[in-house]
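Chemist: this one's sequence-less:
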């Protein structure tokens, strides 16, 4: 920590008037993560269905809102916290999937919420075993060609850094695996940053932020009740 820090001008963005420092320090980065994944990587189209896998974290809740703001027809979120899952519908989710189920029940839940039209875009903040089950659910059980493309953007690894990827998960599912940085250009960064500031100023993004005085930084660091929110240390 330092009272002052030096950055190149190219790495600095002015904070618009009316945006408080805590919001500026937390919301734009996580919002841009979802925006770039949906716009640049998945190239989300109007009226598509989006699954936010790991939507109960701070970034995941913002991703739900970004998907809705970009015109997704249906938005579904997954997570393990019952309290945070309950909040997702208030943020724009049409349905939620609790990851604290048996493997068999979770695969069935993924299939059920996909419906007849399936998922067109998936943002994955989870990876690990829950994502293995999600991929299993995407494999058609009948003999057929892929019904449509599924643009799967890998962002985080809350459940582990590796997965086992069966060949059949790619053959007939229409699955296309992308990294979070796919398709991002300097122009997209500039345009996205302007858009996110506009959303913030217009009050279109909700985020759970708690400001903690610097004198309490030690106790804040040890807290275990901060899932789904951001702690901002202030002077």
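Modeler: Sure, I can see it. Only a predicted model underlies this, so the values are computations on that prediction, with no experimental measurement involved.
Chemist: give me the distance from stretch 97-113 to the chain's centre.
Modeler: 19 Å (Cα atoms, centre = their mean, to the nearest Å).
Chemist: ditto for stretch 106-117
Modeler: 19 Å.
Chemist: show me what counts as buried in it.
Modeler: By 16 or more other Cβ atoms under 10 Å, the buried positions in stretch 106-117 come out as 106, 107, 109, 110, 113, 114. C-beta here means a position set from N, CA and C on the backbone, and glycine is covered the same way.
Chemist: and which of those is nearest residue 183?
Modeler: residue 114 (24.5 Å; Cβ to Cβ).
Chemist: so that closest one sits against residue 140, correct?
Modeler: No. Between residue 114 and residue 140 there is no contact under Cβ atoms under 8 Å: 11.1 Å.
Chemist: now, among the buried residues of stretch 106-117, which is nearest to residue 65?
Modeler: Ranking those by separation from residue 65, with Cβ to Cβ as the measure, puts residue 113 on top at 18.9 Å.
Chemist: you'd agree that closest one is in a helix?
Modeler: Yes. Counting by DSSP: H, G, I helix; E, B strand; the rest coil, one finds residue 113 located in a helix.
Chemist: could you check how far it is from residue 98?
Modeler: 11 Å (Cβ to Cβ, to the nearest Å).
Chemist: again with residue 56
Modeler: According to Cβ to Cβ, residue 56 stands 10 Å off from residue 98.
Chemist: need the overlap of contacts for those two.
Modeler: Shared between the contact lists of residue 56 and residue 98 (criterion: Cβ atoms under 8 Å, 6 or more residues apart in numbering) are residues 78, 79, 80, 85.
Chemist: ok, the last one - contacts?
Modeler: Yep, that's residue 85 we're talking about. With Cβ under 8 Å, 6+ apart, residue 85 has these contacts: 56, 77, 79, 96, 98.
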